[in-house]
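Asks: Have a look at this prediction, sequence included:
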Amino acid sequence: MTHSRIGFRTRLLLTVVGSVAATVVVAVGAFYLLLGQRLDADATALASANATAELSTLEMQDGRLVARENGDEQSLDSRLWVFAGGRAIDTPPASTELSRVATSLAGAPEGVSDLREETRFYALPVVVGGARRGTVVAAIALAPYERTGRVALGAAVVLAAVLLVSVAVISRWVLDRALRPVSQMTVDASTWSERDLERRFDLGEPYDEITRLGSTLDGLLERIAAALRHEQRFTAELSHEIRTPLARISATAELMLRRDRAPEEYRAALDAIHTNAGEMTRTVETLVAAARQEAGLVAWTSDVRSVASVAVDNARIAEPSLDVRFDTPSEPVPVSVEPDLLERMLQPIVANAVDYAREMVSVTVQRAEHTATVAVTDDGPGVAADERDRIFEPGARGRAARPGGAGLGLSLARRLARSAGGDVVASPDPGGGRFVLQLPLAR
């Protein structure tokens with residue numbers, strides 16, 4: 001299937017001009033038809049008037065019909081014959097053909113009795129004392145009427161041509177002005193999508209085609225920008241998550257290469273490398289699972305209690321001196337999230353509490369009507385009110401942050417939670433820090 005290469009503006013202009021041209025042709029045709037009927041009626045009316053005027057000059061003398069002299073010469077376009085019975089008593093200068101036709105109408109009834117291409121004949125009976133005494137025949141040349149019709153048609157055609165040209169010029173001007181914003185918006189959107197994804201048209205609430213187009217392009221640019229931000233965030237999170245195990249692998253390999261080692265040391269180093277490589281693999285799989293979760297491609301169910309229990313155990317092993325408390329309901333708390341993904345949501349939150357706690361960390365799992373929550377609290381310095389949102393931005397850290405770290409753990413936890421329809425928030429707590437993971441229960 002081939003598509004027309006004619007531009008939309010040209011197609012629209014051709015449509016407008018074509019529609020107007022068709023309308024003008026119909027209008028000119030109708031005008032010429034009505035004008036022809038009008039001229040035909042005028043010719044008949046003039047012939048009738050001439051015959052009637054001639055009839056007023058006739059009188060009876062000694063039983064014979066005679067015509068009084070009126071002193072007016074007949075027009076070349078109008079001729080009159082007067083017949084008494086079948087005999088002509090008054091004839092105009094005319095050709096043999098016209099005289100023959102007039103004579104044939106000597107006894108015809110009133111009205112148009114014959115119509116030739118160039119002459120209209122009209123017969124008017126002469127009635128005196130109730131008896132028909134003769135006939136007046138008037139002939140009108142149709143050439144002037146035909147000339148009038150041709151002149152009117154020519155003028156109508158010229159006017160139609162001028163009208164079409166004017167419509168084409170005005171339509172082109174109107175279309176240029178009407179479509180100029182569309183062309184400019186297209187160019188701007190193309191430029192912004194390549195160089196500046198933060199630019200928007202911001203035309204306000206859509207109320208016409210242009211503002212709706214602007215709103216649509218704004219939405220498209222926003223989706224492109226969001227996809228780019230997602231890609232950048234994914235890259236930053238991936239770098240953050242694999243940095244530590246990669247550094248361990250590199251350090252272990254470098255240490256083993258400095259000098260010869262005993263076989264047991266090489267085995268321990270390989271075990272460490274294997275462990276860290278496995279951690280990197282799980283990290284990549286977690287981020288891929290998060291992408292699948294955001295795309296709605298998973299149908300996995302896990303129990304929040306078991307994953308939270310693993311996070312608590314890891315915290316107790318990492319900091320044996322801390323009092324890590326765990327409170328969970330007896331019934332299952334199912335959510336539609338892969339266990340590894342749920343672990344990646346909880347691990348940064350619990351690790352953050354362990355890093356800042358002085359003596360105690362508490363992990364509490366609760367189940368509401370439609371929501372599962374995991375509240376992680378600590379007795380550390382807490383989070384300032386003006387930092388409760390900022391600390392979830394990639395690379396951002398609070399004023400109480402300790403040296404080291406890239407500030408991406410909480411950002412990853414929130415993004416993973418939101419990809420599953422939940423969230424991670426920093427709640428106010430006078431006793432220290434408090435973070436709450438919220439996820440919708442599995443149906």
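Replies: Alright, I've got the coordinates.

Asks: Every contact and neighbour count from this point should use C-alpha atoms.
Replies: OK.

Asks: what's the neighbour count on Val284?
Replies: When neighbours are defined as other C-alpha atoms under 10 Å, Val284 has 16 of them.

Asks: oh, I was asking about Asp323
Replies: Neighbour tally, Asp323, other C-alpha under 10 Å: 17.

Asks: May I have the beta-bridge partners of it?
Replies: Beta-bridge pairing for Asp323 (DSSP bridges): Met360.

Asks: would Val424 count as being in a strand?
Replies: Yes - checked against DSSP: H, G, I helix; E, B strand; the rest coil, Val424 lies within a strand.

Asks: what's the spacing between the residue nearest to it when sequence neighbours are not counted and Glu205?
Replies: Closest residue in space to Val424, ignoring its immediate chain neighbours: Leu437 at 4.6 Å, by C-alpha to C-alpha, 6 or more residues apart in numbering. In this view, Leu437 and Glu205 are 36 Å apart by C-alpha to C-alpha, to the nearest Å.

Asks: Kindly report the same for Arg120.
Replies: Counting by C-alpha to C-alpha, the gap from Arg120 to Glu205 is 71 Å.

Asks: So Thr44 lies in a helix, does it not?
Replies: Yes - residue state for Thr44 (three-state DSSP) corresponds to a helix.

Asks: Settle this for me: it is touching Thr119, isn't it.
Replies: No - applying C-alpha atoms under 8 Å as the test, Thr44 and Thr119 come out as separate, 10.5 Å apart.

Asks: if we can go back for a sec, between Leu437 and Glu205, which one's more packed in?
Replies: Set side by side, Leu437 and Glu205 show more neighbours around Leu437, with 21 against 10, by other C-alpha under 10 Å.

Asks: Pull up the gap between the more buried one and Asp423, please.
Replies: 6 Å.

Asks: who touches both of those two?
Replies: Common contact partners of Leu437 and Asp423 (C-alpha atoms under 8 Å, 6 or more residues apart in numbering): Ala417.

Asks: that older thread, so Thr44 and Thr119 - more neighbours on which side?
Replies: Neighbours per residue, other C-alpha under 10 Å: of Thr44 and Thr119, the larger number sits with Thr44, 20 against 17.

Asks: wait, is Ser306 part of a strand?
Replies: No - counting by three-state DSSP, Ser306 is not part of a strand but helix.

Asks: in the chain, which helix or strand is least confident?
Replies: For the chain, the helix or strand with the lowest mean confidence is strand 111-115, at a mean of 68 (criterion: mean pLDDT, DSSP states H and E).

Asks: same question for the following helix or strand past it, mean pLDDT?
Replies: Later in the chain than strand 111-115, the nearest helix or strand by DSSP states H and E is strand 119-128. Strand 119-128 shows a mean pLDDT of 89.

Asks: same check, this time on stretch 166-175
Replies: Stretch 166-175 carries an average pLDDT of 89.

Asks: That stretch: how far from the chain's middle?
Replies: 23 Å (C-alpha atoms, centre = their mean, to the nearest Å).

Asks: How about stretch 251-262?
Replies: 65 Å.

Asks: Mind checking what secondary structure the nearest residue to Glu319 once chain neighbours are set aside has?
Replies: Closest residue in space to Glu319, ignoring its immediate chain neighbours: Val354 at 7.4 Å, by C-alpha to C-alpha, 6+ apart. Assigned with three-state DSSP, Val354 falls in the helix class.

Asks: how near is the residue lying farthest from the centre of the chain to Ala21?
Replies: Ranked by distance from the centre of the chain (C-alpha atoms, centre = their mean), the top residue is Asp62, with 94.7 Å. According to C-alpha to C-alpha, Asp62 and Ala21 sit 68 Å apart.

Asks: just Leu159 next, same as before
Replies: Distance of Leu159 to Ala21, computed by C-alpha to C-alpha: 12 Å.

Asks: Likewise for Ala51?
Replies: For Ala51 relative to Ala21 (C-alpha to C-alpha), the value is 45 Å.

Asks: neighbour count winner among those two?
Replies: Between Ala51 and Ala21, counted using other C-alpha under 10 Å, Ala51 has the larger neighbour count: 24 against 18.

Asks: ok, the residue most central in space within the chain - contacts?
Replies: Centroid-nearest residue in the chain: Leu213, 5.5 Å away (criterion: C-alpha atoms, centre = their mean). By C-alpha under 8 Å, 6+ apart, Leu213 lies in contact with nothing.

Asks: And it, how close does it get to Leu175?
Replies: 17 Å.

Asks: Val425 too?
Replies: For Val425, the distance to Leu175 - C-alpha to C-alpha - is 53 Å.

Asks: now Ser166
Replies: Distance, Ser166 to Leu175, using C-alpha to C-alpha: 14 Å.

Asks: low-scoring stretches of the stretch 201-350 of the chain, by residue?
Replies: By pLDDT under 70, the low-scoring segments of the stretch 201-350 of the chain are 227, 230-231, 233-234, 236-238, 240-241, 282-283, 285-299.

Asks: hey, where'd the strands end up in it?
Replies: With strands called from DSSP state E, counting those that start in this stretch, the stretch 201-350 of the chain shows them at 302-303, 323-327, 334-335.

Asks: residue boundaries of the helices in the stretch 151-300 of the chain?
Replies: With helices called from DSSP state H, counting those that start in this stretch, the stretch 151-300 of the chain shows them at 209-258, 263-295.

Asks: Reformat these into TSV and put distance to Asp340 next to each item.
Replies: Conversion of these to TSV gives the following (distance: least, C-alpha to C-alpha, whole Å):
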stretch	distance to Asp340
helix 209-258	14
helix 263-295	6
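
Asks: returning to that earlier point: out of the strands of the stretch 201-350 of the chain, nearest to Ala141?
Replies: strand 334-335 (101.9 Å; C-alpha to C-alpha).

Asks: tell me what the closest one is packed against?
Replies: Strand 334-335 sits against strand 302-303, with contacts defined as 3 or more C-alpha pairs under 8 Å, 6 or more residues apart in numbering; DSSP states H and E.
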